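**Student:** Fold the stuff below for me.
(one chain, ligands or ions: 2)
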Amino acid sequence: MKFENRSGISFNLEHNNWLGQEKFIIAGPCSAESEEQVWETVKDFKKSSISAIRAGIWKPRTRPNSFEGFGEIALPWLVQASRNVDIPCMVEVATPAHVENALAAGVDMIWIGARTTVNPFAVQQLADCLKGINVPVFIKNPVNPDLALWMGALERIDHAGITKLAAIHRGFSSGKRLIYRNEPRWEIPIELKRLAPNIPLINDPSHICGRIDILQNIAQKAMDLEFDGLMIETHFQPSSALSDAEQQVTPQQLFELLKQIKLRSTPQSLSSNENLEQVRQKIDDLDHQLIHLLADRMRLSQEIGTIKAQNQLTIMQFERWRSLVIDRLKTGNELGLDRDFLLQILQNIHQLSIQVQMEIFESFKDQNP
Ligand code: PEP
Ligand code: MN
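**Tutor:** Ligands and ions are numbered 1, 2, ... in the order given. Next up is the predicted model:
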């Protein structure tokens with residue numbers, strides 16, 4: 001059965017809920033570094049109902065000459081540890097050879113990393129080699145904040161016939177100096193969930209935060225946004241880790257973090273809450289009012305466009321736009337509205353208004369060539 005959304009993107013509905021009802025927790029080291037390191041990290045995972053063990057085998061590093069993973073020889077360290085605790089394991093794959101080696105060694109699930117998702121050639125090669133192999137595949141968001149690229153990678157793997165597909169949100173490169181290693185840009189995974197509601201969504205707070213002091217906060221936020229699970233980098237001795245040492249937690253810290261997470265009510269129980277329903281009703285009303293106001297606003301743009309065209313005036317008058325923005329931001333400030341939020345809305349309205357007016361100018365040209 002296929003799910004078709006507004007953008008014409010279709011996914012197998014079988015992806016629905018394949019992770020189960022409980023939150024799906026993936027934990028394990030950034031990289032598999034030795035048989036002992038993997039074992040010491042995961043040996044107590046059973047106690048805390050970890051759903052899957054992760055470890056990097058081939059590491060995509062920004063610079064050459066940094067630790068690039070132990071490769072194939074590390075696969076049995078992970079697979080053996082996973083069998084011992086009876087929890088499935090997963091590795092990152094970037095090439096068909098990685099897929100073949102990982103599956104031959106007994107790895108249960110694979111994920112595609114952020115640096116691979118950006119490249120449709122690489123994703124297609126993985127899709128081609130996955131045809132006929134029904135292994136669960138997780139796809140991290142691309143490094144850059146491009147939802148279409150993420151969707152495209154999900155589609156390519158879906159079209160290869162994979163029925164257990166999930167997305168991992170690990171944040172986006174921003175070029176800004178932020179407290180995060182990768183900016184969360186929550187609106188992007190939220191939009192992904194709207195467009196592809198049947199694809200489970202996991203949050204990776206480790207790669208978003210790049211540090212451990214704000215990990216709890218991000219993990220909680222993901223749970224409050226109804227994500228289906230978490231991927232958390234865990235190392236029995238983070239300070240000696242060969243990659244991502246600053247962001248890994250010990251198994252004890254992981255268990256504590258999971259214990260602290262508050263799982264708030266599910267929508268089913270919320271819908272019976274009267275207060276919530278009343279506020280939702282008000283929100284619905286206001287949203288409709290906003291849409292009507294926007295439609296009125298665009299009609300005025302058409303009107304003013306006609307006047308300008310008739311009087312041979314320019315569409316854009318920068319001084320008017322400048323003073324309009326100052327005026328609206330002042331009102332917004334008085335009402336306690338976030339400045340950037342309001343500015344973005346004004347810019348969007350203005351952009352569409354210019355477009356509408358340009359169309360009117362074009363039609364005048366046609367009538368009076
Ligand atoms: C990782 O999970 O260790 C990793 C390299 O992640 P990402 O692809 O999100 O950078
Ligand atoms: Mn890592």
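
**Student:** Every contact and neighbour count from this point should use C-alpha atoms.
**Tutor:** Will do.

**Student:** low pLDDT regions in the stretch 1-150 of the chain?
**Tutor:** 1-14 (pLDDT under 70).

**Student:** Now with 50, please.
**Tutor:** The model of the stretch 1-150 of the chain has pLDDT under 50 over residues 1-4, 6.

**Student:** Looking at per-residue confidence, what score does the residue in the stretch 151-300 of the chain that ligand 1 sits nearest to get?
**Tutor:** Nearest residue of the stretch 151-300 of the chain to ligand 1 (C-alpha to the nearest ligand atom) works out as R170 at 5.3 Å. Looking at R170, its pLDDT reads 98.

**Student:** Next, count neighbours for it.
**Tutor:** Neighbour count of R170, defined by other C-alpha atoms under 10 Å: 27.

**Student:** doesn't C209 make contact with it?
**Tutor:** No: using C-alpha atoms under 8 Å, R170 is not in contact with C209; the gap is 9.0 Å.

**Student:** ranges for the helices of the chain?
**Tutor:** For the chain, applying DSSP state H gives helices covering 35-42, 75-85, 96-105, 114-117, 120-130, 147-159, 187-195, 205-209, 215-224, 251-260, 267-270, 274-310, 318-334, 339-367.

**Student:** Could you export the ones you listed as TSV, including distance to N141 and mean neighbour count?
**Tutor:** Converted to TSV, the helices of the chain look like this (distance: least, C-alpha to C-alpha, whole Å; neighbours: other C-alpha atoms under 10 Å):
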stretch	distance to N141	mean neighbour count
helix 35-42	26	20
helix 75-85	24	20
helix 96-105	19	17
helix 114-117	5	22
helix 120-130	12	18
helix 147-159	5	20
helix 187-195	9	16
helix 205-209	11	27
helix 215-224	15	19
helix 251-260	23	16
helix 267-270	26	10
helix 274-310	30	14
helix 318-334	34	12
helix 339-367	24	14
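
**Student:** Turn those helices into TSV, columns for distance to I26.
**Tutor:** Shown next, in TSV, are the helices of the chain (distance: least, C-alpha to C-alpha, whole Å):
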stretch	distance to I26
helix 35-42	11
helix 75-85	12
helix 96-105	18
helix 114-117	17
helix 120-130	22
helix 147-159	20
helix 187-195	18
helix 205-209	11
helix 215-224	12
helix 251-260	11
helix 267-270	24
helix 274-310	33
helix 318-334	43
helix 339-367	35
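
**Student:** comparing those helices, which gets the lowest mean pLDDT score?
**Tutor:** helix 267-270 - the lowest mean pLDDT of the helices of the chain, at a mean of 60.

**Student:** just to revisit the earlier point, wait, what's in contact with the nearest residue to the residue of the stretch 151-300 of the chain closest to ligand 1 once chain neighbours are set aside?
**Tutor:** Sequence neighbours aside, D204 is the residue nearest to R170 in space, at 4.8 Å (criterion: C-alpha to C-alpha, 6 or more residues apart in numbering). Applying C-alpha atoms under 8 Å, 6 or more residues apart in numbering to D204 gives the contacts 168-171, 219, 230-232.

**Student:** Most neighbours among those residues, which one is it?
**Tutor:** When neighbours are counted by other C-alpha under 10 Å, G171 leads the contacts of D204 with 29 neighbours.

**Student:** show me what contacts that one?
**Tutor:** 141, 143, 182-185, 204, 207-208.

**Student:** what do you get for P205?
**Tutor:** Applying C-alpha under 8 Å, 6+ apart to P205 gives the contacts 170, 215, 218-219, 230-232.

**Student:** follow-up on the earlier one: now distance to ligand 1 too, for the helices of the chain, in a markdown table please.
**Tutor:** What follows is the helices of the chain, written out as a markdown table (distance: least, C-alpha to the nearest ligand atom, whole Å):
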| stretch | distance to ligand 1 |
| --- | --- |
| helix 35-42 | 14 |
| helix 75-85 | 15 |
| helix 96-105 | 14 |
| helix 114-117 | 4 |
| helix 120-130 | 13 |
| helix 147-159 | 13 |
| helix 187-195 | 14 |
| helix 205-209 | 6 |
| helix 215-224 | 15 |
| helix 251-260 | 16 |
| helix 267-270 | 30 |
| helix 274-310 | 36 |
| helix 318-334 | 37 |
| helix 339-367 | 28 |
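
**Student:** on that earlier part again, from L154, how far off is the residue nearest to R170?
**Tutor:** Applying C-alpha to C-alpha, to the nearest Å, the value for D204 to L154 is 17 Å.

**Student:** same check, this time on I110
**Tutor:** I110 sits at a distance of 13 Å from L154 (criterion: C-alpha to C-alpha).

**Student:** ok, L149 touching T117?
**Tutor:** Yes: counting by C-alpha under 8 Å, T117 is a contact partner of L149 at 7.2 Å.
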